[in-house]
Structures are given as structure tokens and as C-alpha cells.
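K.L.:
Generate a structure from the sequence data that follows.
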Amino acid sequence: MAHHNYRLYFAGSLVSNIGTWMQRIAQDWLVLTIPGNGGAALGITTGLQFVPVLLLSPYAGVVADRFSKRRLLQVTQAVMAGAALTLGVIAALGVAETWHVYLLAFIFGIGAAFDAPARQAFVSEMVGTDDVANAVSLNSAAFNAARMIGPGLAGLLIGLGGGGMRATGWVILVNAVSYAAVILQLRRMDATELHSPRPVARAPGMLRAGFSYMRSEPKMLMILVLVFFVGTFGMNFQITSALMATDIFDKGATEYGVLGSALAVGSLAGALVAAGRTRVRVRLLLVAAVAFGLVEIAAGLMPTYLTFVLLCPLLGFSVITVLNSCNALLQVESDPALRGRVMAIYMTIVMGGTPLGAPVIGWIGEQYGARWTLLVSGTLVLVGVAAAVAVRALAERRVGLSVPQPDRAGAPAF
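P.N.:
Here you go, the predicted structure:
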């Protein structure tokens, strides 16, 4: 917070994140209000929103390294605002159909695909390398404070509006307006205080160079394998929470919103704890990932709505510890000239796996019941931990590393 530009960014992103979480709840509820839709439609909507991340994020990383990240972020925020505005108007008029939601979720995803790598890499430009870990954790704290406020507020407003399609539309319109906060704060920043590397000139093979760089780093490979399993199978909370709330506990929009807020309580706590760390170790990352898998399995076994709510903060705490640790490690370890591409590849794996996992998890919920969405997800996260450790060991053997390498402070990684 000592950095002027970061203070502006933090304030704007907090407002926008509240709106984003309100839309996530409203969009899911909108899908369920359209006759004939269920878990599969919910999974397809989520998948379509993340398909562009899977397809475009690597190229978006090249764009982030070639142009001003501050200006690029203003463009991506405007694209997402436009998609939210269109969906909100259609729903508020009561004429939304499933294909409308699918199409606008896809357009929203295009904006998010170009936004994510630029936003992640922009953190180090605002605060410098020494404060990256702290800034990543504070970003996460803002995101999860919004996650705590947004879903509950969205559920309350949808309930007050009658719980139907028109009510979801007005909530989505609130998100469309919230993007103005980020755009305004980005424009107010002092460019002379940014630690911006010189934009990389266009050259053949820029994307391939990013992949080659990450393949040569065993620790980075391990992180990519781990976040693939966590992002693809473990983080489908929009689907699992909606199905548990409606199918298992027979609850409505307000109670569904409470689940999102409960997850955010744990995530916010995890982010604030992480903000006090000056270093991140791989051991912490792996322990948190194992804990996340086990807690997710336990959540699928909860007998009542109350016990499920009480376990949600542990889910949030463990998963945010995994993601923050991965993010900080990659930013600190990566070459500044390649950081946009490194973070793009990372975001491709974290968010791009959702189009693969969300429809599968939604199908499991329809065929075998909501509880199995959590049981299967947690089990696959544990499989991912084992696979990540094995991949790192093989990569170290390939490059001639027989023992874990020390981190930059000289302490062992494990």
C-alpha cells in the first residue's frame, strides 16, 4: 500500500470484483430460471465462459509482453463491461434465452482471456519484485472480500426482486457499471512510477519461447500440473454449490448466495495470512493442495445445509493458499521479459481447464447426484498432487538435477 499506483488499482479492483461476483451468482441463477435447464446447462455456461481462456490466453501473454499492460487492461475491462451490459438488459426485459447466455458468456470470456495475463504481470510493475508476494496476497484479499460480499448481496437482491429472470438482469447490470471503477483508476495512475520493462518487439516463435522456458524449469512444470487438476476438477464451486443447495438441501437463491460468501470468508482469511509471508515454499503449496482435496471430499459427505456452510470456509482457505503460492512463485522466479507469457500459460491452465471439467462435473451431478460432484473433484485433486510431484522429479532428472534446488534466499524448496 506504500505504492500510489497500487492503492488506486486495489480500490478500483475491489469495487469491480464485488460486481463480478454478483454477476456470477446472477448468471447461474438466470440459467436455472430458464425452463428445461439443469446442471448440464450450468456446466456448459461455465465452460463457454472459460473456453476463450483455454484457446487465447497463450497468445494474450504475447500481447501483454508486447504492449502497455495498463492500456491493454482498459480495453479488456471495457469488453467485459459491454458483455455484462447486454446480458443484463436482455434479462431485465425478461426475454433471455439459453443461447443468449451461452453467447455472452463466451464474449465475456474473450475479454477475460486477454485481461488475466496482463493483470497478473502488471502487479510487479506497480510494486516491484520485492513486494510481489505481498501484492499478490492483497489482490487475493480484495478478490475474496468481494467474493464474501458479492454472492450474498446478489442472492439478497435476486430474492427481493422475486427470484426470477428480471431480478437477475438488474444484478448483472450492477456489474456492468462496476467496471468503470477499474478503468478510471487505471487512467489516474502515474506512469513514471511503474516498473515497466521495455515492450518486447514482435518476433517469430514468441509463444513457443514461453513454453520452452517453462518446460526447462522443473518447479514451474510441477505448478502447471498441480493447477491443472485444481482448476479443472476442484474449483467448480459455481456448479457444486448450486446443485448442493437446490438438489440436496432444497434451498433458494438467498441460501445459494450464502454458500459463495462462506467460501469467500475462508479465502479472505487465507489471503490475509499469506500477505504476512515474505517467502513462499513449495512444501506449503503441496500441503495446501492435499488439504483442499480432503476437505472437498468431506464437503460431499455433509449431512445438512448448516454443516456444509461451516465447511465452506476451509475449502476457501485451502484453495486460495494453493493459488496464491503458485502465483507468487511464478512471478518471482520468471524472467521479466517473459513474465506475460509465463502468467498467460499459468492462467490458461488454471482457468482454461474449466471448459473441460465443468461439463463433466455437471454431468456427474445430473447422473449420480450432487454429492458425487464433490467426491470426484476432491479425489482428482489428490491425484493431481501425486502427479505434480512425479513430474517434477522426472523433469529434474531430465535436466540433471539430483536434489531439490535452493530458492533465491538460499533455503531449500522442500
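K.L.:
Residue 346 and residue 121 touch, don't they?
P.N.:
No - contact criterion CB atoms under 8 Å: residue 346 and residue 121 do not qualify, at 10.2 Å. The C-beta positions use only the backbone N, C-alpha and C, and glycine is treated the same way.
K.L.:
Quick check: closest non-adjacent residue to residue 260.
P.N.:
Of all residues not flanking residue 260 in the chain, residue 151 sits nearest, at 2.8 Å (CB to CB, 6 or more residues apart in numbering).
K.L.:
And the helices in the stretch 101-250 of the chain?
P.N.:
Assigned helices in the stretch 101-250 of the chain, in chain order: 132-160, 165-188, 206-215, 218-229, 237-243 (criterion: DSSP state H, counting those that start in this stretch).
K.L.:
so which of those gets nearest residue 384?
P.N.:
Of all the helices of the stretch 101-250 of the chain, helix 218-229 sits nearest to residue 384, with 2.4 Å by CB to CB.
K.L.:
what's the distance between the most centrally placed residue in the chain and residue 55?
P.N.:
Among the residues of the chain, the one closest to the centroid is residue 351, at 6.2 Å (CA atoms, centre = their mean). To residue 55, residue 351 is 11 Å away according to CB to CB, to the nearest Å.
K.L.:
now this structure, which segments are flagged as low pLDDT?
P.N.:
For the chain, the stretches flagged by pLDDT under 70 are 196-205, 276-278, 352, 355, 399-414.
K.L.:
which one is residue 377 nearest to, not counting chain neighbours?
P.N.:
residue 233 (4.8 Å).
K.L.:
tilt between whichever helix or strand the residue nearest to the centre of the chain is part of and helix 218-229?
P.N.:
Secondary structure assignment for residue 351, by DSSP states H and E: helix 339-352. Orientation check (axes from the mean of the first three to the mean of the last three CA atoms, to 10 degrees): helix 339-352 against helix 218-229 gives 30 degrees.
K.L.:
helices or strands up against helix 339-352?
P.N.:
Helices and strands touching helix 339-352, as assessed by 3 or more CB pairs under 8 Å, 6 or more residues apart in numbering; DSSP states H and E, comprise helix 39-66, helix 98-127, helix 206-215, helix 218-229, helix 305-333.
K.L.:
number of nearby residues for the closest residue in space to residue 37 that isn't next to it in sequence?
P.N.:
Using CB to CB, 6+ apart and skipping the chain neighbours, the partner closest in space to residue 37 is residue 31 (5.3 Å). As a burial measure, residue 31 scores 24 neighbours (other CB atoms under 10 Å).
K.L.:
what's the spacing between residue 31 and residue 80?
P.N.:
Applying CB to CB to residue 31 and residue 80 gives a distance of 19 Å.
K.L.:
ok, now residue 193?
P.N.:
Distance from residue 193 to residue 80, by CB to CB: 26 Å.
K.L.:
ok so, going back, residues touching the residue nearest to residue 260, list them.
P.N.:
21, 22, 24, 25, 256, 257, 258, 259, 260, 261, 264 (CB atoms under 8 Å, 6 or more residues apart in numbering).
K.L.:
if you set the cut-off to 6 Å instead, what comes out?
P.N.:
Listed by CB atoms under 6 Å, 6 or more residues apart in numbering, the contact set of residue 151 reads 21, 25, 257, 260, 261.
K.L.:
cool, residue 297 as well?
P.N.:
For residue 297, counting by CB under 6 Å, 6+ apart, the contacting residues are 375, 378.
K.L.:
Now with 8 Å, please.
P.N.:
Contacts of residue 297 by CB under 8 Å, 6+ apart are 374, 375, 378, 379.
K.L.:
Which phi and psi values does the third one adopt?
P.N.:
Dihedral pair for residue 378: phi -60, psi -40, per degrees, to the nearest 10.
K.L.:
Pretty sure residue 338 sits against residue 212.
P.N.:
No - look at residue 338 against residue 212 with CB under 8 Å: they stay out of range, at 9.9 Å.
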